[in-house]
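Visitor: Fold the following, please.
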Amino acid sequence: MSAPRLPAGFTVRLGDDTRACDGGRTLVGGSGSVLHLRPRAQEMLHGGTLVARDADSSTVARLLMDRGLADPWWPTPTPDEEVTDVTVVVPVRDRPRQLARLLSALPPSLPVLVVDDGSADPGPTRAVASEFGARLLRHPVGRGPAAARNTGLARVRTDLVAFLDSDVVPVPGWLGLLRRHLDDPAVGVVGPRVLGGVPRPGDGWLCRYEAARSSLDLGPRPAPVQPLGRVAYLPSAALLARRSALLPDGSDRLDSPDRIAGFDDSMPVAEDVDLVWRVHEAGWRVRYEPAAAVRHDHRTTPGPWLRRKAFYGTGAALLAERHGSDVAPLVLNPWTTVLTVAVLAQRRWSLPLAAAVCLGVTATVARKLRAGDRPVRTAASLTALGAVSSLQQTGSALTRHYWPVAVLAATRSRRARRALLVAAVADGLLDHRRVRPDLDPARYVLARRLDDLAYGTGLWAGAARARSPRALVPAFRGFPFRRGTS
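Guide: As a prediction, the model looks like this:
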């Protein structure tokens, strides 16, 4: 679908990793986007912000967002209580205490649909829903959270629907901020940051790890959401969606295979990823907004924690069946492939080859930049960032997605052992420095490695169950630095 015009006054602001070069004539993003601005477009940017006032400024603002160079921005927040066109759908099973905690955190004016997905004792859930004025729907037997969300979705009559799991607690301001994103008529779904619980004195080390490194936490930077992007999905623990993006023909039927039609309730896991990707494939924009947040309960004892991580890993095979290479654990292009091979080989020729590749990429990027503002220096900086990102991606893949292969290779090769050890330690320490958890580096690295081992086990088990390696195959793309003109 073609993108509709942004409403007058809609404001975007250049991202923190977007650099203006050539006196503002060229924008360079951390994602590899290079955008040359015509004089008229340059005049629209003031202090890194652009306000959509007419068709031309709307087009430029849209392009900046789509290329990951700018994000929506609002100088003043909208209070949650002022949002009136949203219905909240809460799937729940045997969690009356958590349900009460969630409902007490919602604005009283919001209509809420609680879908009891086959609770063993429905009485407490019924009592909580009644106490907070929520409408209760019930499945006699459990059909899974995806089916429960769909049951609620089919009965929503407002333009917008918020999905909240019963084990989350919204942080005040979450709804007002997410609602502002849907002022853009092209946005179909937006999601907040899903934080772990606040650690308390006496909490164990797994609890403190999850507080800093929840599997559902997509980080502190806003982003467009798309397969293989920096933010590739949104968790269904908390979502705000346009009803017309989930039920495009406006009906309440959820059984048509020819359209988005809500969540795929045949998927026991990764149904949220599947939904977001189908919405994106239908032409809608999807946004991640970390300034809006919810807190999410997590497992804090080793057995259930490891099983949950492995369970998440099994979803990749289901996604591969539906979306092919969009689920690839590793994204390579010609220059990062050569760089990765050179570094992993650890031969005499490795360093010269890696240097030659980086010099070649620097020269290519410099040619894409216009004269002025030291294009070679800018190109070298972008190449260095790309090289570091590629090596970090490779290290993460070795210790997470491909750890069975890496361990097998390490039993037979000294170089493989060295590469795996360096990747395991460096990845954990760099991540510790980035997230700054309330946990010492040694136990953080241990938890990180256990997290990856469990996820990788689930990934390989899912691939074996599906009898297909598609979830394990890297994706290959062209040259990463995209050029454009506005």
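
Visitor: top strand in this protein by residue count?
Guide: The longest strand of the chain (DSSP state E) is strand 285-296.

Visitor: From what I see, S215 and K309 are in contact.
Guide: Yes - S215 lies in contact with K309 (CB atoms under 8 Å); the separation is 6.9 Å. C-betas here are computed from N, CA, C, even on glycine.

Visitor: Can you work out which residues contact both of these two?
Guide: Residues touching both S215 and K309 (CB atoms under 8 Å, 6 or more residues apart in numbering): D451.

Visitor: Tell me which of the two has more neighbours.
Guide: A count of neighbours by other CB atoms under 10 Å puts K309 above the other of S215 and K309, at 20 against 16.

Visitor: Now the one helix or strand the more buried one maps to - C-alpha only, PDB.
Guide: Per DSSP states H and E: K309 is located in helix 302-323. C-alpha atoms of helix 302-323 as PDB (Å, rounded to 0.1, in the frame of the first residue of the first chain):
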ATOM      1  CA  PRO A 302      17.000 -22.200  36.600                       C
ATOM      2  CA  GLY A 303      14.800 -25.000  35.300                       C
ATOM      3  CA  PRO A 304      11.700 -22.900  34.200                       C
ATOM      4  CA  TRP A 305      14.000 -20.100  33.000                       C
ATOM      5  CA  LEU A 306      16.000 -22.400  30.700                       C
ATOM      6  CA  ARG A 307      12.900 -24.100  29.400                       C
ATOM      7  CA  ARG A 308      11.400 -20.800  28.500                       C
ATOM      8  CA  LYS A 309      14.500 -19.700  26.600                       C
ATOM      9  CA  ALA A 310      14.500 -23.000  24.700                       C
ATOM     10  CA  PHE A 311      10.800 -22.600  24.000                       C
ATOM     11  CA  TYR A 312      11.500 -19.200  22.400                       C
ATOM     12  CA  GLY A 313      14.100 -20.900  20.200                       C
ATOM     13  CA  THR A 314      11.700 -23.400  18.800                       C
ATOM     14  CA  GLY A 315       9.700 -20.600  17.200                       C
ATOM     15  CA  ALA A 316      12.300 -20.000  14.500                       C
ATOM     16  CA  ALA A 317      11.400 -23.100  12.600                       C
ATOM     17  CA  LEU A 318       7.700 -22.100  12.600                       C
ATOM     18  CA  LEU A 319       8.600 -18.700  11.300                       C
ATOM     19  CA  ALA A 320      10.900 -20.100   8.600                       C
ATOM     20  CA  GLU A 321       8.000 -22.200   7.300                       C
ATOM     21  CA  ARG A 322       6.000 -19.000   6.900                       C
ATOM     22  CA  HIS A 323       8.500 -16.300   6.100                       C
END
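
Visitor: residues in contact with L472?
Guide: By CB under 8 Å, 6+ apart, the contact set of L472 is 329, 401-402, 459-460, 463.

Visitor: ranking the residues you listed by neighbours, who comes first?
Guide: Ranked by the number of neighbours (other CB under 10 Å), those place L459 first, at 26 neighbours.

Visitor: If we ignore the residues flanking it in sequence, what's nearest it?
Guide: Using CB to CB, 6 or more residues apart in numbering and skipping residues adjacent in sequence, the residue nearest L459 is G313, 4.0 Å away.

Visitor: which residue sits farthest out from the middle of the chain?
Guide: R348 (39.1 Å; CA atoms, centre = their mean).

Visitor: Please name the residues that touch that residue.
Guide: Applying CB under 8 Å, 6+ apart to R348 gives no contacts.
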